[in-house]
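Engineer: no sequence on hand, only this structure:
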């Protein structure tokens, strides 16, 4: 009598957007997802293939300034509310517009941001900052020690009750953004947002940028930035997130 083979796990990865090395992030995420032979991945640049998303066991996103249409926003919310799991990374919650007074984060998609639980508004210049553990006993961060991340420190607005797992603290002026003044407060870095039968796990870390990723603002960006991708703890968190999405954590 032969053993029953393990079932296939269907994943949709949306990886696209501006001002980041999407190729690098997409490849690194695909490497992690490929570690489990059961996981079969369909990759898209936006949220328009709703049939694929509805059929997925879990959704992974790494985007910047990719805003779904209202129909897509409603379908994403229904996907999660019906029991879907969504691992959202870095700029998934961003809308960016460059204006004469700085980078604006227009509140054009409140339904989408309420589903995610947050909207990116600004970040100080990239520099190391400390990430601390908000809930040391939670299995998604159990054993994780405080660490320094040389990444974009996300300052966001929050739209739901969140289970914060990792956090950081910031106070000060943020040069170059329309919303530039920030009082002292803690900001989630890794959180769970429960939505009816499903859940979103959001990790704000993961900035990366190559020489050609700021076009058309500039033809050649002088630095290559890998941010938290260079940290073993970041890879550990993404692995934990994928395990959670598969129902193993």
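Structural biologist: Structure's in. What do you need? Here the structure is a predicted model, which is why all the values come from computation and not from measurement.
Engineer: list phi and psi for the nearest residue to residue 196 once chain neighbours are set aside.
Structural biologist: With CB to CB, 6 or more residues apart in numbering as the criterion, residue 196 has its nearest non-adjacent residue at 4.0 Å, and that residue is residue 81. Backbone N, C-alpha and C define where each C-beta goes, glycine included. The phi and psi values for residue 81, taken as degrees, to the nearest 10, are phi -60, psi -30.
Engineer: quick one: average confidence on stretch 87-106?
Structural biologist: Across stretch 87-106, pLDDT averages out at 97.
Engineer: and that stretch, what's buried?
Structural biologist: Neighbour counts using 16 or more other CB atoms under 10 Å place 87-96, 103-105 of stretch 87-106 among the buried residues.
Engineer: pull the most distant pair out of the residues you listed.
Structural biologist: With distances taken as CB to CB, the most widely separated pair in the buried residues of stretch 87-106 is 87 and 104, at 27.5 Å.
Engineer: who's in contact with the nearest residue to residue 122 once chain neighbours are set aside?
Structural biologist: On the basis of CB to CB, 6+ apart, the spatially nearest residue to residue 122 that is not a chain neighbour turns out to be residue 177, at 3.8 Å. Residue 177 makes contact with 102-105, 121-123, according to CB atoms under 8 Å, 6 or more residues apart in numbering.
Engineer: for the nearest residue to residue 124 once chain neighbours are set aside, give me the pLDDT.
Structural biologist: In space, and not counting its chain neighbours, residue 124 is closest to residue 174: 5.1 Å by CB to CB, 6+ apart. Here, the pLDDT recorded for residue 174 equals 98.
Engineer: and residue 174, how many neighbours?
Structural biologist: As a burial measure, the neighbour count of residue 174 was computed by other CB atoms under 10 Å and equals 20.
Engineer: the residue nearest to residue 196 and residue 197, how far apart?
Structural biologist: Distance check for residue 81 against residue 197: by CB to CB, to the nearest Å, it reads 6 Å.
Engineer: give me the pLDDT for the residue nearest to residue 122.
Structural biologist: The confidence metric pLDDT takes the value 98 at residue 177.
Engineer: please apply the same query to residue 39.
Structural biologist: At residue 39, the pLDDT recorded in the model is 98.
Engineer: what about the residue nearest to residue 122, distance to residue 69?
Structural biologist: When CB to CB is applied, the distance between residue 177 and residue 69 equals 26 Å.
Engineer: hey, where'd the helices end up in the protein?
Structural biologist: Using DSSP state H, the helices found in the chain span residues 22-33, 50-55, 70-81, 110-116, 232-245.
Engineer: so how far is the last one from its chain's centroid?
Structural biologist: The offset between the C-alpha centroid of helix 232-245 and the centroid of the whole chain comes to 12 Å, using CA atoms, centre = their mean, to the nearest Å.
Engineer: what is the mean pLDDT for it?
Structural biologist: For helix 232-245, the mean per-residue pLDDT is 98.
Engineer: then the shortest one?
Structural biologist: Here the mean pLDDT over helix 50-55 is 98, rounded to a whole number.
Engineer: for it, packing partners?
Structural biologist: Using 3 or more CB pairs under 8 Å, 6 or more residues apart in numbering; DSSP states H and E as the contact criterion, the elements in contact with helix 50-55 are strand 9-17, helix 70-81.
Engineer: point out the most buried one among those.
Structural biologist: Looking across the helices and strands packed on helix 50-55 with neighbours counted as mean count of other CB atoms under 10 Å, the highest average goes to strand 9-17: a mean of 21.
Engineer: which one is residue 238 nearest to, not counting chain neighbours?
Structural biologist: Across the structure, with CB to CB, 6+ apart as the measure, the residue nearest residue 238 apart from its sequence neighbours is residue 32 (5.9 Å).
Engineer: who touches the one you found in this structure?
Structural biologist: In this structure, residue 32 makes contact with 235, 238-239, 242, judged by CB under 8 Å, 6+ apart.
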